[in-house]
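> any chance you can model this:
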Amino acid sequence: MTRQQYEPLILADTEQLARPDWLELRKKGLGGSDAAAVLGISPFRTARDLYYDKLGIVTTDDQANWVALEVGTLLEPLVARIFEAKTGLKVYQRKCMFQHPLYPWMLADLDYLVDLPDGTTAIVEIKTTNYNAKDKWWYNGGEIVPVYYESQGRHYMSVMNLDRVYYCCLYGNNEDEAIVRHIDRDMAYEAELIALERDFWHENVLARIPPPYTEDGDLILESLRRSLGPATKDAPAVVFSKTQEARVARYLELQEEKRLRDTDVKTVEAEMQRLKALIVADMGVSCTAVCENGGYTVTWNPSHRATIDKNGLERLKEVHPDIYAEYITVSESRRFSIKRAKPEAA
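Okay, here's the model as predicted:
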């Protein structure tokens, strides 16, 4: 893909735009945060979720992580200031929705821009994460940008026709616990990204044909929970085709393979549990044991947590129904199983 000369279009001014109107505006194309779902590398949603969202069929439920989203929004100006302090670069904002002049389905709503000493302009993306998730910014000891954030940045570079994206990610409560990274434009990556986004927009969204599920099982199940809603107990049984039945057969093959492997694992676990019991027996009432040679220290520490057992919950329901009703929550879980059909009697 050769470098072309162009300036991004401005689809809309977002300075005074209400959030519902902004969300509707996003449905006119694909934003940077949508790129990872199109590529199948998003840890948060599937391409099918994105398809549903663009058509207004099912809106992604952000209620479960609303605190994280709110924290990210509130801390954005602070993290921008940290970026300035760490780099010496002054950031600024352009409150508008940009549009690619050649590929109108590609949109960009940027956090910040920065003018570099060489006279060029770069994009600055602000991120926040928790302390445990900071490790996603390293791989084998080297500094990286998580792939789902990388795709976002490369989408933005394409729309804006700019050659660099900076990321500043805060994971703690001081300036030293902030990560600064940057990536430069990769035209080969960009060409593939544009092709996949074009296919998704034209062959799925505009054609109203949902993309297939290609992501991992947990993400697909979460997507299905959002799109299908609660179980319908009186719904008729689904009759599987031969293709679908082959999937069932393969699942059972893997289940048997896992059972055989688990047998070996359980043998090892049983021996470990027996040795653990003997060690604990040697310790008696002590919580700590040390080996004579000083090589090992064994601890057997107590752990306590307050819980309400089933009987206590029933008593609470009977004695204090108002408190029970106020604090109890009901969630649905579904158990998956496959049973072989019994052969019909001759």
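> only C-alpha atoms for contact and neighbour calcs from this point on.
OK.
> so residue 11, which state does it fall into?
Three-state call for residue 11 (DSSP: H, G, I helix; E, B strand; the rest coil): strand.
> any idea how the chain splits into domains?
As given by automatic domain parsing, the domain ranges for the chain are 9-228, 240-298.
> reformat those as JSON lines; add distance to residue 312.
Formatted as JSON lines, the domains of the chain follow (distance: least, CA to CA, whole Å):
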{"stretch": "domain 9-228", "distance to residue 312": "28"}
{"stretch": "domain 240-298", "distance to residue 312": "30"}
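> for the longest helix belonging to the chain, what is the distance to the chain centroid?
Determined from DSSP state H, the single longest helix within the chain is helix 242-283. On the basis of CA atoms, centre = their mean, to the nearest Å, helix 242-283 sits 29 Å off its chain's mean C-alpha point.
> adjacent strands (with direction) for whatever helix or strand comes next after that helix?
Counting by DSSP states H and E, the next helix or strand C-terminal to helix 242-283 is strand 288-290. Within its sheet, strand 288-290 is paired with strand 297-299 (antiparallel), according to DSSP bridges.
> what does the partner strand contact?
Applying CA atoms under 8 Å, 6 or more residues apart in numbering, the contact partners of strand 297-299 are 287, 288, 289, 290, 291.
> please name the residues that touch the last one.
Going back to what we said before, that points to residue 291. Counting by CA under 8 Å, 6+ apart, residue 291 touches residue 297.
> look at it and report its pLDDT.
pLDDT recorded at residue 291 is 84.
> where does pLDDT dip in this structure?
Applying pLDDT under 70 to the chain flags the ranges 1-2, 60-65, 294, 330-346.
> mind jotting down where the helices sit in it?
19-26, 35-39, 47-55, 66-87, 147-160, 187-199, 217-228, 242-283, 310-319, 321-327.
> right, and those - which one's nearest residue 179?
Closest of these to residue 179 is helix 66-87, at 8.8 Å (criterion: CA to CA).
> if I read this right, residue 162 contacts residue 122, doesn't it?
Yes. Assessed by CA atoms under 8 Å, residue 162 is found in contact with residue 122 at 6.4 Å.
> if you count surrounding residues, which of these two has more?
A count of neighbours by other CA atoms under 10 Å puts residue 122 above the other of residue 162 and residue 122, at 22 against 17.
> circling back to that earlier point, turn the helices of the chain into JSON lines, including mean neighbour count and distance to residue 12.
Shown next, in JSON lines, are those (neighbours: other CA atoms under 10 Å; distance: least, CA to CA, whole Å):
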{"stretch": "helix 19-26", "mean neighbour count": "13", "distance to residue 12": "8"}
{"stretch": "helix 35-39", "mean neighbour count": "23", "distance to residue 12": "21"}
{"stretch": "helix 47-55", "mean neighbour count": "22", "distance to residue 12": "18"}
{"stretch": "helix 66-87", "mean neighbour count": "15", "distance to residue 12": "21"}
{"stretch": "helix 147-160", "mean neighbour count": "23", "distance to residue 12": "15"}
{"stretch": "helix 187-199", "mean neighbour count": "15", "distance to residue 12": "21"}
{"stretch": "helix 217-228", "mean neighbour count": "14", "distance to residue 12": "30"}
{"stretch": "helix 242-283", "mean neighbour count": "12", "distance to residue 12": "46"}
{"stretch": "helix 310-319", "mean neighbour count": "12", "distance to residue 12": "54"}
{"stretch": "helix 321-327", "mean neighbour count": "11", "distance to residue 12": "44"}
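> any chance of the ones you listed in JSON lines, with distance to residue 13 too?
Below are the helices of the chain laid out as JSON lines (distance: least, CA to CA, whole Å):
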{"stretch": "helix 19-26", "distance to residue 13": "10"}
{"stretch": "helix 35-39", "distance to residue 13": "22"}
{"stretch": "helix 47-55", "distance to residue 13": "20"}
{"stretch": "helix 66-87", "distance to residue 13": "19"}
{"stretch": "helix 147-160", "distance to residue 13": "16"}
{"stretch": "helix 187-199", "distance to residue 13": "24"}
{"stretch": "helix 217-228", "distance to residue 13": "32"}
{"stretch": "helix 242-283", "distance to residue 13": "48"}
{"stretch": "helix 310-319", "distance to residue 13": "54"}
{"stretch": "helix 321-327", "distance to residue 13": "44"}
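> of all the ones you listed, which one is nearest residue 135?
Shortest distance between residue 135 and these, using CA to CA, is found for helix 147-160: 13.1 Å.
> packing partners of the closest one?
helix 35-39, strand 96-99, strand 107-108, strand 121-128, strand 164-170, helix 187-199 (3 or more CA pairs under 8 Å, 6 or more residues apart in numbering; DSSP states H and E).
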